[in-house]
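In: Got a predicted structure here, sequence first:
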Amino acid sequence: MSNSSGRGLQPGALGMFDTVVMAIAGSAPAYSLAATTAVLVGAVGLASPAALLYCAVPMAGIALAFSRLSRIDVNAGASYSWVGRTLHPFLGFISGWALVVSATIFMVAGSLPAGAMTLALFDESLARNTALATAVGAGWFLVMLLVVLGGARLTVRAQLLMSGVEMVILAVFLVLAVVRVEHARPFDWSWLGFGHFDGSAGFAAGALVAAFYYWGWDVASNLSEETRDSRRTTGLAGLIGLGVVFLLFEAFTITVNMVLTERQIAEHGANVLGVLGEEIWPGPGGKLLIVAVMLSTIATLETTLIQVTRSLFAMGRDRTMPPALGRVHRRWNTPWVAITVVGAVALALFLAANALGSVGEILGYAIAAMGLQIALYYGLAGLAAVVAYRKTLLSSPRRLLLGGVWPLFGSLFMFWIFVESLSELSGPAVAIGVGGLAVGLVPMLWYWRRGSDYYRPAALDASRAVESDYRVPDSRTAASSRVHEGLPTDF
């Protein structure tokens, strides 16, 4: 299970603030609102704020699960390692593979808006040209690929700049929406209730899209081997990041309900924030929010690249995928082979994307497919946390709630929307979502037959994870703790 280069990722490169920024950027507030609002409104209409609210509760349970699991296993593969060591190695591999597939699909779903938003700054008609938007988006993707290759410190510096500007712009527009918009419809508390959902199927459809909104905060866990005091920091950063983006999503979705009509949202699709900006601040408003979306999209390309490449690195290190993926660059301490492979696959998908139709159609299929995969690996992680801590849950009401009931509720919720949505999604979305997971059976069975040590795991032991878990050795001493857990120490 050693990494094939004899080297590992750079420990202690990131601090608490850095990791929180990465968690917020992973959920891509402006991009998620721009790319997904039209899809969410199409699914549930005025119930969009309710869908985000009710999905946030079980999502917080999953964030708690990640936080608790990160205390007992520091691993760049995150759920891939945790699920494999608590439930079953096959389920662990599928969990990691679901993240890899969803993140790879996102390279298309994220790069297209990056290109379209860049073009919209100059001419909105250019933004509707799928081929041109794909080419510009591919250029941004390559820039982020080089940044991620350059190491964790360079990555977080770029992230601080992009996300900082994005958050300032979003905050300004929330204030302006309150003081400048005079023709808005009044706020209605029913937007946060169940009345606007079309039965359980409609609720599930909204929840599936809402899960995509939140996805990405768990990038903090994939950075655990590069974070100081990682057993405490990564889980807490994920919880803080989820809380921040929840507030932003609710505030902007309510603002959209108040300012825009359903027709405006449907007609403008991925440019819905640009239209909102024009309504709030005619003239420069639309352009400023386009800048925010562009920066958010580029920023989340970076965090998604980290998630998929660190997951592939962990798989290569464990020899459940080609061992070359576990190689680390001698100068930058980054998994350069995994980064190169992801880049090549993503560029091939950019070319294929032009055959699927318009930008809107591509986004619709990709977002729905990713929602299935996200729900699966989040659900498995929630269940893994309950199993890992099962012997300690009854020791106090707090542990029972935070370590058992809430993560289990989050897990069951994710499994429910996965199953419920299979009958509601279009054929192409199901084919991308389920077919992408099925492809993972090939490498899983191949490396299982070859005898990878991953398929003979040492079970996670949470008996030492008491309330003082936050006061444990940081990532500089993580290697010594991993010796006792039977994990590789070569990072």
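Out: Arrived safely, thanks for sending.
In: Does residue 370 touch residue 106 like I think?
Out: Yes. Between residue 370 and residue 106 there is a contact at 6.3 Å, judged by CB atoms under 8 Å. Just so you know, the C-beta spots here come from the backbone N, C-alpha and C atoms, and that holds for glycine as well.
In: residues contacting residue 384?
Out: Residues in contact with residue 384 (CB atoms under 8 Å, 6 or more residues apart in numbering) are 65, 69, 79, 82, 83, 86, 87.
In: what's the nearest residue to the third one if we skip its chain neighbours?
Out: Meaning residue 79. Excluding its sequence neighbours, the residue lying closest to residue 79 (CB to CB, 6 or more residues apart in numbering) is residue 381, at 4.2 Å.
In: Could you report the distance from the one you found to residue 113?
Out: According to CB to CB, to the nearest Å, residue 381 and residue 113 sit 28 Å apart.
In: Next, the buried residues of whichever strand or helix holds residue 38.
Out: According to DSSP states H and E, residue 38 maps onto helix 29-44. By neighbour count with 16 or more other CB atoms under 10 Å, helix 29-44 contains the buried residues 29-44.
In: Pick the one among those closest to residue 99.
Out: Distance to residue 99 across the buried residues of helix 29-44 (CB to CB) is lowest for residue 32, with 17.4 Å.
In: What sits closest to the closest one if chain neighbours are left out?
Out: Nearest residue to residue 32 in three dimensions, chain neighbours excluded: residue 213, at 4.7 Å (CB to CB, 6+ apart).
In: so what pLDDT did the one you found get?
Out: Residue 213 is assigned 86 on the pLDDT scale.
In: Likewise for residue 488?
Out: pLDDT, read off for residue 488, is 33.
In: can you offset everything so residue one is 596?
Out: Understood, numbering begins at 596; the last thing we discussed is residue 1083.
In: Could you tell me which of the contacts of residue 979 are located in helices?
Out: The members of the contacts of residue 979 that map onto helices under DSSP state H are 660, 664, 674, 677, 678, 681.
In: so which of those residues comes closest to residue 610?
Out: Closest to residue 610, out of all of the ones in helices among the contacts of residue 979 and judged by CB to CB, is residue 664, at 21.2 Å.
In: Test my guess that that closest one contacts residue 980.
Out: Yes. At 5.2 Å, residue 664 and residue 980 qualify as touching, with contact defined as CB under 8 Å.
In: which residues of the stretch 796-945 of the chain fall in helices?
Out: Ranges of helices in the stretch 796-945 of the chain, per DSSP state H, counting those that start in this stretch, are 814-817, 825-854, 857-863, 867-875, 879-913, 931-948.
In: Just the C-alpha atoms of the shortest one, please, in PDB.
Out: Think helix 814-817. Output in PDB follows, covering the C-alpha atoms of helix 814-817 (Å, rounded to 0.1, in the frame of the first residue of the first chain):
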ATOM      1  CA  VAL A 814     -12.900  18.900  -0.500                       C
ATOM      2  CA  ALA A 815     -11.600  19.800   2.900                       C
ATOM      3  CA  SER A 816     -11.400  16.000   3.700                       C
ATOM      4  CA  ASN A 817      -9.500  15.300   0.500                       C
END
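In: What is that helix packed up against?
Out: Here helix 814-817 touches helix 611-622, helix 825-854, helix 879-913, going by 3 or more CB pairs under 8 Å, 6 or more residues apart in numbering; DSSP states H and E.
In: give me that answer again for 10 Å
Out: Helix 814-817 is packed against helix 611-622, helix 643-665, helix 674-681, helix 684-715, helix 825-854, helix 879-913, with contacts defined by 3 or more CB pairs under 10 Å, 6 or more residues apart in numbering; DSSP states H and E.
In: do the same with the fourth one
Out: Other elements packing on helix 867-875 under the criterion 3+ CB pairs under 10 Å, 6+ apart are helix 624-639, helix 684-715, helix 747-775, helix 825-854, helix 857-863, helix 879-913.
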